[in-house]
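[1] got a predicted structure plus its sequence, pasted below:
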Amino acid sequence: MIRTLILILLPVAALLIAGCSANNPADEKEIKKEQLENYRQELNALKKKIATLEAELNTGSSSNAVNVEISTLQPKLFEQFIEAIGNVATDQNIVVSPEVPGVIESIQTKEGKEVHKGQILAKLNTESIEQNIEEVKVNLELASTLYKRRKNLWEQNIGSEVELLQAESTMKALQKKLQGLEAQLEMAVIKAPINGVIDHLMQNQGEMAGPSIPFARIVDLDDVYITADVSEDYLNQINAGDSVSIYFPVLDMTKKAKIFRTSAVIDPDTRTFSIRVNLKNADNSLQPNLMGELKMRIAKIPQALVIPSLLIKKDFKGEFVFVATRDDSGNKVAEKKYISTGIKDNNSTVVSNGLEAGMEIITKGYAQVTDGTPLNIHQ
């Protein structure tokens, strides 16, 4: 009888179970969520109880405490710099050539010698020009005499006006020709256009010189400048008049100066703009194409809270650091502080929000602590 009843009820129970399992997945999910939340609350409560008990049972030398070192946070000056590579140049770097062609008759300077503006560097052979000048002078003397006689006769109403005008025209034409030849004679002398040093003589005595043939290079190194290219990201942070420090590795020398100008055009290929810094160079130690490292300040915060960047951690809520605080029992414990950061430079970060002056930042052992971890502080 009982066996028969069981056989009858089993199919009915199976149907009921199947029906319930078809309608319960959503309900089971909600139940699990509620259980998870309860577990989390219980876990947080247990953590607090554990921390309290540990504080009560230990006297500061608990084996559960983590050894750490701390640093008291204090405001300080923060400056951010960028660096760029530049090359020395000079506006006074000139190649000299004669204004007229001719054979170099004499050279009156040497490489490395200082010269002054207007000083004679070399002379060309001017024999043909001098012969032409002598010939024109003779003709001019005759033309001047004829003109004076024609003029005297004309004043006595003798002769024609046409003859007087022809004599005057001939005389003036020869005067102009003489002036031209004398100018050519002057241009046959090569002179220094600026003060400077003879960097290189490119021709020798006896060679043919001319306007298209370089004769010498003169360089004035008293006033030089250095140019460098900077990323367009700093266009609004670097301006004319800003201070710059320039280090020359080859000379192991540093110079301080100010930016003379910034270019008004951004290079479309490199996305950079150029800056120019003028430099005094009385000892001529800075030479064209010498490389220099420019260091420029792009930010300055007088009272900044600055911490090492490696102390900053990040989770799904944001960036944070661990500080040392006291719990309800007066024992030192770690506390997680979420922060907002600003400028990062040279492995340091400016904290704009979340920390205050006087807080004790955990600087060593921070990787072994969590929120509420007991601390054993070593100074």
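    Perfect, I can see it now.
[2] Three-state assignment for the residue nearest to K313 when sequence neighbours are not counted, please.
    Leaving aside its sequence neighbours, K313 sits nearest to F320 (CB to CB, 6 or more residues apart in numbering; 5.7 Å). For the C-beta atoms, the positions are set from N, CA and C on the backbone; glycine is no exception. Following DSSP: H, G, I helix; E, B strand; the rest coil, we place F320 in the strand state.
[3] so F320 sits against I339, correct?
    Yes - counting by CB atoms under 8 Å, F320 touches I339, with 6.3 Å between them.
[4] overlap of the contact sets of these two?
    Residues touching both F320 and I339 by CB atoms under 8 Å, 6 or more residues apart in numbering: I312, G354.
[5] buried sites along stretch 293-309?
    Neighbour counts over stretch 293-309 (16 or more other CB atoms under 10 Å) mark L294, M296, I298, I301, A304, L305, V306, I307 as buried.
[6] for those, could you give me CSV that also reports secondary structure, pLDDT and distance to V265?
    Formatted as CSV, the buried residues of stretch 293-309 follow (DSSP: H, G, I helix; E, B strand; the rest coil; pLDDT from 0 to 100; distance: CB to CB, whole Å):
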residue, secondary structure, pLDDT, distance to V265
L294, strand, 96, 19
M296, strand, 94, 19
I298, strand, 89, 21
I301, strand, 91, 31
A304, strand, 92, 35
L305, coil, 93, 39
V306, strand, 92, 36
I307, strand, 92, 40
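[7] any idea how far Q175 is from R150?
    16 Å (CB to CB, to the nearest Å).
[8] neighbour count winner among the two?
    Applying other CB atoms under 10 Å to Q175 and R150 shows that R150 carries more neighbours, namely 21 against 14.
[9] this protein: helices as residue ranges?
    2-23, 25-57, 127-155, 161-187 (DSSP state H).
[10] make TSV out of those and add mean pLDDT and distance to S71.
    Converted to TSV, these look like this (pLDDT from 0 to 100; distance: least, CB to CB, whole Å):
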stretch	mean pLDDT	distance to S71
helix 2-23	47	60
helix 25-57	76	24
helix 127-155	82	85
helix 161-187	82	76
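[11] any idea how many residues pack against V265?
    V265: 7 surrounding residues under other CB under 10 Å.
[12] what's the answer for E335, then?
    Neighbour count of E335, defined by other CB under 10 Å: 21.
[13] that one against D371, yeah?
    Yes - with contact defined as CB under 8 Å, E335 reaches D371; the gap is 6.3 Å.
[14] A299 contacts I343, correct?
    Yes - counting by CB under 8 Å, A299 touches I343, with 5.7 Å between them.
[15] give me the common contacts of the two.
    Joint contacts of A299 and I343 (CB under 8 Å, 6+ apart) are F78, Q80.
[16] so N289 is in contact with A89, correct?
    Yes - applying CB under 8 Å, one finds N289 in contact with A89, separated by 7.4 Å.
[17] these two: who's more crowded?
    Taking neighbours as other CB under 10 Å, N289 and A89 compare with A89 leading, 16 against 7.
[18] residue contacts, the closest residue in space to that one that isn't next to it in sequence?
    Nearest in space to A89, with sequence neighbours left out and distances taken as CB to CB, 6+ apart, is P288 at 5.5 Å. Applying CB under 8 Å, 6+ apart, we find P288 in contact with V88, A89, T90, N93, V219, L221, V224.
[19] for the residues you listed, which single residue is the most surrounded?
    Most surrounded of those: other CB under 10 Å gives V224, at 24 neighbours.
[20] now it: how far from M291?
    The gap separating V224 from M291 is 13 Å, by CB to CB.
[21] which neighbours do those two have in common?
    Common contacts of V224 and M291 (CB under 8 Å, 6+ apart): V88.
[22] and N281, how far from I246?
    Counting by CB to CB - N281 and I246 are separated by 12 Å.
[23] more neighbours: those two, which one.
    More crowded of N281 and I246, by other CB under 10 Å: I246, with 22 against 18.
[24] quick one on the thing from earlier: give me the subset of the contacts of P288 lying in strands.
    Among these, DSSP state E puts V88, A89, N93, V219, V224 in strands.
[25] wait, the fourth one touches N195, no?
    No - V219 sits out of contact with N195 when judged by CB under 8 Å, with a separation of 10.4 Å.
[26] which residues are in contact with both of those two?
    In contact with both V219 and N195: no residue, using CB under 8 Å, 6+ apart.
[27] picking that back up, quick check, pLDDT for the residue nearest to K313.
    Looking at F320, its pLDDT is 95.
[28] over to I246?
    Looking at I246, its pLDDT stands at 96.
[29] looks like it contacts K255 (just checking).
    Yes - counting by CB under 8 Å, I246 sits close enough to K255 to count as a contact (4.9 Å).
[30] common neighbours of the two, please.
    L279.
[31] how near is T373 to A65?
    In this view, T373 and A65 are 8 Å apart by CB to CB.
[32] may I have stretch 291-311 as CSV, with CA atoms only?
    Provided in CSV are the C-alpha atoms of stretch 291-311 (Å, rounded to 0.1, in the frame of the first residue of the first chain):
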residue,chain,number,x,y,z
MET,A,291,75.8,72.0,-28.7
GLY,A,292,74.1,73.2,-25.5
GLU,A,293,71.4,71.8,-23.2
LEU,A,294,68.7,74.4,-22.4
LYS,A,295,66.7,74.1,-19.2
MET,A,296,63.5,76.2,-18.9
ARG,A,297,61.0,76.5,-16.1
ILE,A,298,57.4,76.0,-17.1
ALA,A,299,55.6,76.0,-13.8
LYS,A,300,56.1,77.4,-10.3
ILE,A,301,54.0,76.7,-7.2
PRO,A,302,55.3,78.5,-4.0
GLN,A,303,53.4,76.5,-1.4
ALA,A,304,52.8,73.0,-2.9
LEU,A,305,52.2,69.6,-1.2
VAL,A,306,54.6,67.3,-3.0
ILE,A,307,55.1,63.6,-2.5
PRO,A,308,57.1,61.0,-4.4
SER,A,309,55.1,59.6,-7.3
LEU,A,310,55.9,56.0,-6.4
LEU,A,311,53.9,56.3,-3.2
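[33] before I go, just wanted to say thanks for your time.
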